[in-house]
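Student: Fold the following for me, if possible:
(chains A and B)
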Amino acid sequence: MKILAVCSTGLGSSFMTRLNIEKAVKELGASGVEVEHADLGSVSPGSADVIFVGRDIYEAASGLGDVVSLDSLIDMDEIRTKTAEAMTRHGVRFSGEG
Amino acid sequence: MTSTSPLAIAEERIVLRDSVQGWRDAIEIVGGILVDEGNASREYVDAMIASVAGPNGTYIDLGAGIALAHARPENGVESTGLSVLHLDEPVLLADDPAHPITVFIALAAVDSSGHLDVMKNLARVLTDESLRQMLLNATTSADIVSALSPKE
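Tutor: Predicted structure coming up:
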């Protein structure tokens, strides 16, 4: 499964989000989940199974498939919950709590 | 010694103010530090302001009153660097009431992923409730240096 964290520039907000999703995946005990970051302009439908964006980018990213909106990019509770939900949607098993 | 770590932020890269006139003023101040320290040209500060003023520009709001101001490498970045502006009175990013900001962190990055260690350290600090509070409640540059200091 591939998760892509996306923001407008592809190196600040999205990079921060990517690192926090990677932490959540690890905490949840999942494997086989690839997480990367990118700028909105380089992403197209099919670039990833799930796309995580901050709430301000959500509308602009809405045509890209399974898009998850984050209220905060540094709230690990929210990121852990939404990462667990995304993995469940895509059939990734994990051992930790969501 | 954390003070000699390449990831440690120096006190001269930190500014504390009671308040600013608006979000543009805030980015002028925090971006100006990157220019003074040789990380970016004046053009980079203008690009950061244009980015916030543009469509969805408030995406640099990370949450919890902290914003990561940045633009693209081709907008005048010379080298990777960070700077910090702490406000006692939060300012509204893009004049949007949904985005009150207390701490502006400005990032200059030379490409999209070479600053991994810098971002890892920032992510560690900003996702830790107590370190985040230390940063938000800082009253001196030393408080901010301490909050952002890399750990073993």
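
Student: give the contact list for the closest residue to chain B within chain A.
Tutor: Chain B sits closest to A:S72 of chain A, with a gap of 2.6 Å, by Cβ to the nearest Cβ. C-beta here means a position set from N, CA and C on the backbone, and glycine is covered the same way. Counting by Cβ atoms under 8 Å, 6 or more residues apart in numbering or on different chains, A:S72 touches A:78, B:62-64.

Student: A:R18 is in contact with A:T83, correct?
Tutor: No: taking contacts as Cβ atoms under 8 Å, A:T83 lies outside contact range of A:R18: 11.3 Å.

Student: Could you check which of those two is surrounded by more residues?
Tutor: More crowded of A:T83 and A:R18, by other Cβ atoms under 10 Å in any protein chain shown: A:T83, with 29 against 24.

Student: Next up, phi/psi of the spatially most central residue of chain A, please.
Tutor: Geometric centre of chain A, nearest residue: A:F52, 3.5 Å, by Cα atoms, centre = their mean. Main-chain dihedrals, A:F52, degrees, to the nearest 10: phi -100, psi 130.

Student: Read off the pLDDT value for it.
Tutor: For A:F52, the model assigns a pLDDT of 98.

Student: contacting residues for it?
Tutor: Here A:F52 is in contact with A:3-6, A:17, A:21, A:67-68, A:70, A:82, A:86 (Cβ under 8 Å, 6+ apart).

Student: picking that back up, can you name the two of the contacts of A:S72 that are farthest apart?
Tutor: Spatial extent of the contacts of A:S72 (Cβ to Cβ) is set by the pair A:E78 and B:L62 at 12.0 Å.

Student: Neighbour count: these two, which is higher?
Tutor: Using other Cβ under 10 Å as the criterion, A:E78 and B:L62 rank with B:L62 on top: 28 against 16.

Student: The helix or strand containing the more buried one and chain A, any residue contact?
Tutor: Following DSSP states H and E, one finds B:L62 within strand B:61-63. Yes: judged by Cβ under 8 Å from any Cβ of the partner chain, strand B:61-63 and chain A are in contact via B:61-63.

Student: out of the residues you listed, who's nearest chain A?
Tutor: Distances from chain A to the residues of strand B:61-63 next to chain A, taken by Cβ to the nearest Cβ, are shortest for B:G63, at 2.6 Å.

Student: quick one, phi/psi of B:I101?
Tutor: Torsion angles, degrees, to the nearest 10, at B:I101: phi -120, psi 130.

Student: distance of it from chain A?
Tutor: 13 Å (Cβ to the nearest Cβ, to the nearest Å).

Student: My guess is B:A109 contacts B:V77. True?
Tutor: Yes: between B:A109 and B:V77 there is a contact under Cβ under 8 Å: 6.5 Å.

Student: so where's chain A uncertain?
Tutor: Within chain A, the stretches with pLDDT under 70 are A:97-98.

Student: Contact residues of it facing chain B?
Tutor: A:7-13, A:15-16, A:19-20, A:23, A:37-39, A:53-54, A:56-57, A:59-60, A:71-76.

Student: so what's B:L87 up against?
Tutor: The contact partners of B:L87, taken as Cβ under 8 Å, 6+ apart, are B:16-20, B:26, B:101-104.

Student: In three-state terms, label it for me.
Tutor: Taking DSSP: H, G, I helix; E, B strand; the rest coil as the rule, one finds B:L87 in the strand state.

Student: Perfect, I'm done here.
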